[in-house]
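Asker: heads up, no residue letters with this:
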């Protein structure tokens, strides 16, 4: 069950990394003009870094999220077995 949590969280982190990266870029932009939106952030990342640019920071995110998922699934299975 801990391995399942690790894999599930890792896959989810991988699949949502591009959206999370764009969200973070939009939220942290200091220039508050009207051109700071999701489409422009997506365009800027793709033009400057290409497709790999959407996965910048993936290693750190994978390690944090996967370990968290593993701990969550493992601890919930222990609590479930204690309840039964």
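Answerer: Thanks, I have the structure now. No experiment lies behind these values; they were computed from the predicted model shown.
Asker: so residue 38 makes contact with residue 24?
Answerer: No. Counting by Cβ atoms under 8 Å, residue 38 stays clear of residue 24, with 11.5 Å between them. Any C-beta I mention is one placed from the backbone N, CA and C, and that applies to glycine too.
Asker: outside of stretch 8-15, which residues touch it?
Answerer: Stretch 8-15 has contacts (Cβ atoms under 8 Å, 6 or more residues apart in numbering) with 58, 61, 62, 65, 66, 68, 69, 70, 72, 73.
Asker: mind redoing it with 10 Å?
Answerer: Applying Cβ atoms under 10 Å, 6 or more residues apart in numbering, the external contacts of stretch 8-15 come out as 20, 55, 58, 61-73.
Asker: can you say which of the residues you listed are buried?
Answerer: The neighbour-count test (16 or more other Cβ atoms under 10 Å) applied to the contacts of stretch 8-15 identifies 58, 61, 62, 65, 66, 69, 70, 73 as buried.
Asker: possible to save those residues as CSV with distance to residue 28, pLDDT and secondary structure?
Answerer: Shown next, in CSV, are those (distance: Cβ to Cβ, whole Å; pLDDT from 0 to 100; DSSP: H, G, I helix; E, B strand; the rest coil):
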residue, distance to residue 28, pLDDT, secondary structure
58, 18, 95, helix
61, 16, 93, helix
62, 21, 93, helix
65, 20, 93, helix
66, 24, 92, helix
69, 26, 91, helix
70, 29, 92, helix
73, 31, 91, helix
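Asker: fine by me, we can end here.
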